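Novice: Got a predicted model here, sequence first, then my questions.
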Amino acid sequence: MDLLFYSFTVFLFAAVILLIEGVYLWWSSTHGKAAQRIARRLQVMSGGIGRSGERISILKQRRFSAHDGVDHLLHRISPLQQLDALLVQAGSKLTVERFLGCSLAAFVFALMASALLPLPSALRIVLALPVLGLPYFLIRRARTRRLHRIEHQLPDAADFIARALRAGHSFTNVLQIVGNELPEPLSSEFRVAREEINYGVPMGEALHNMAERIPLTDLRYLIIAVLIQRESGGNLAEILGNIGTIIRSRLKLVAQVRVLSAEGRMSAWILSLLPFVVMLALTVLNPEYVSLLWTDPTGIRLLWYAAGMILVGVVWLRRVIRIRI
């Protein structure tokens with residue numbers, strides 16, 4: 001009986017291992033990096049449209065809403081143009097209408113949550129206002145991360161374009177190859193530029209549009225080199241190779257500066273968040289002790305002074321720890 005049980009356990013274990021290995025091999029052969037790379041090359045050879053099959057809109061103006069009336073109204077508000085540009089740079093699929101809806105929903109949720117605390121109405125609104133800007137903060141953070149990834153992909157893109165030009169490809173074909181071979185998110189921007197050229201947009205304008213979507217100084221250097229070479233001639237492959245070397249050196253210097261300033265940035269975060277954490281803890285543990293700050297006129301005046309000093313301190317710390325290279 002024991003021998004039969006042990007044999008069954010061993011065979012069951014082997015069957016589970018083989019099943020897991022079979023699923024892994026199936027996933028690798030159909031959805032792995034090698035399979036995706038082969039699929040992209042087959043699309044290029046067959047005249048496909050690229051990795052994700054996206055197509056840019058032939059309209060010059062992006063829609064802010066799915067409803068025509070709301071879209072026309074939102075386009076009249078100038079700050080929303082900058083907000084839409086921020087969404088594009090962050091790679092977000094949200095429209096301006098949905099983004100505003102998410103911000104309003106977060107604000108209402110914060111007001112409902114603050115109703116559980118024994119606070120006056122004015123203070124509840126003040127505490128809920130930062131939540132109103134939470135979606136904006138998340139979009140800004142996504143934009144920063146996306147631009148950071150693109151910035152680290154630029155040296156490889158410059159070397160890739162230089163090698164393709166040395167191989168005899170035209171610059172228009174190089175845009176298509178880069179859009180299909182390089183990883184996201186830089187490849188999607190090259191695909192958009194390629195699609196704009198296919199729609200009849202001049203190459204210079206398409207490259208300028210890409211520089212507006214990706215506000216990076218290194219990318220502008222690369223685009224300026226391409227445009228100057230098209231006007232005056234020269235060895236574009238050698239120029240792009242030198243630009244790639246310069247970008248790598250600058251990124252290495254930025255990494256060293258970030259390591260040296262890590263302690264200062266951590267101190268700035270702790271000093272910025274410490275007053276709010278202490279205030280929240282005291283409100284939960286001993287609300288009667290803290291309630292003097294919003295029930296007594298002197299306490300209200302002290303709160304305004306504290307808010308002003310915190311704002312000045314945060315701005316000053318940000319200027320100290322932010323080193324531009």
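Specialist: Everything's here; your move.
Novice: what is the mean pLDDT for the helix ranked longest in the chain?
Specialist: Determined from DSSP state H, the single longest helix within the chain is helix 134-166. Per-residue pLDDT values over helix 134-166 give a mean of 89.
Novice: Tell me the helices and strands packed up against it.
Specialist: The contact analysis (3 or more Cβ pairs under 8 Å, 6 or more residues apart in numbering; DSSP states H and E) places helix 134-166 against helix 79-90, helix 96-114, helix 171-181, helix 186-198, helix 217-232, helix 236-260. All C-beta atoms are positioned from the backbone trio N, CA, C, and that covers glycine.
Novice: which other residues reach the second one?
Specialist: Read that as helix 96-114. 64-67, 70-71, 74, 80, 83-84, 87, 92, 94, 124-125, 127-129, 131-136, 139 (Cβ atoms under 8 Å, 6 or more residues apart in numbering).
Novice: What are the buried residues along that helix?
Specialist: Val96, Glu97, Arg98, Phe99, Leu100, Cys102, Ser103, Ala106, Phe107, Ala110, Leu111, Ser114 (16 or more other Cβ atoms under 10 Å).
Novice: Over to the longest one?
Specialist: Buried residues in helix 236-260, counted by 16+ other Cβ under 10 Å: Leu236, Ala237, Ile239, Leu240, Gly241, Ile243, Gly244, Ile247, Arg248, Leu251.
Novice: Also the fifth one?
Specialist: Of the residues in helix 217-232, those scored as buried under the neighbour-count criterion (16+ other Cβ under 10 Å) are Asp218, Leu219, Tyr221, Leu222, Ile223, Ala225, Val226, Gln229.
Novice: Mind picking the one among those residues that's closest to Asp159?
Specialist: Leu222 (11.4 Å; Cβ to Cβ).
Novice: State the distance from that closest one to Ser187.
Specialist: Distance, Leu222 to Ser187, using Cβ to Cβ, to the nearest Å: 15 Å.
Novice: which ones are touching the nearest residue to Ala164 once chain neighbours are set aside?
Specialist: Nearest residue to Ala164 in three dimensions, chain neighbours excluded: Val174, at 4.5 Å (Cβ to Cβ, 6 or more residues apart in numbering). Contacts for Val174 (Cβ under 8 Å, 6+ apart) come out as Ile161, Ala164, Leu165.
Novice: Let me know the closest of those residues to Arg322.
Specialist: Among these, and counting by Cβ to Cβ, the member closest to Arg322 is Ile161, at 31.8 Å.
Novice: Can you check the distance spanned by stretch 121-141, start to finish?
Specialist: 31 Å (Cα to Cα, to the nearest Å).
Novice: Next, the buried residues of that stretch.
Specialist: Buried, per 16+ other Cβ under 10 Å, within stretch 121-141: Leu123, Arg124, Leu127, Ala128, Val131, Leu132, Pro135, Ile139.
Novice: In PyMOL, how would I select the buried members of the contacts of Val174?
Specialist: If you want just the buried ones from the contacts of Val174 in PyMOL, going by 16+ other Cβ under 10 Å, the selection is:
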select buried, resi 161+164+165
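Novice: before we move on, the earlier item: export the buried residues of stretch 121-141 to TSV and append columns for distance to Leu273 and secondary structure.
Specialist: Output for those, formatted as TSV (distance: Cβ to Cβ, whole Å; DSSP: H, G, I helix; E, B strand; the rest coil):
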residue	distance to Leu273	secondary structure
Leu123	19	helix
Arg124	20	helix
Leu127	15	helix
Ala128	18	helix
Val131	15	helix
Leu132	19	helix
Pro135	20	helix
Ile139	21	helix
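Novice: Quick check: the two most widely separated of those?
Specialist: Longest span within the buried residues of stretch 121-141, Cβ to Cβ: Leu123 and Ile139, 27.3 Å.
Novice: any chance of the buried residues of stretch 121-141 in TSV, with distance to Arg194 too?
Specialist: Below are the buried residues of stretch 121-141 laid out as TSV (distance: Cβ to Cβ, whole Å):
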residue	distance to Arg194
Leu123	54
Arg124	51
Leu127	48
Ala128	45
Val131	41
Leu132	39
Pro135	32
Ile139	27
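Novice: Glu195: which of those residues is nearest?
Specialist: Distances from Glu195 to the buried residues of stretch 121-141, taken by Cβ to Cβ, are shortest for Ile139, at 24.6 Å.
Novice: Can you list the low-confidence ranges for the stretch 101-250 of the chain?
Specialist: Residue ranges of the stretch 101-250 of the chain with pLDDT under 70: 117-120, 122-123.
Novice: Mind doing that once more with 90?
Specialist: Residue ranges of the stretch 101-250 of the chain with pLDDT under 90: 101-137, 151, 154, 156-250.
Novice: And the buried residues of helix 236-260, which is closest to Leu293?
Specialist: Among the buried residues of helix 236-260, and counting by Cβ to Cβ, the member closest to Leu293 is Leu251, at 46.9 Å.
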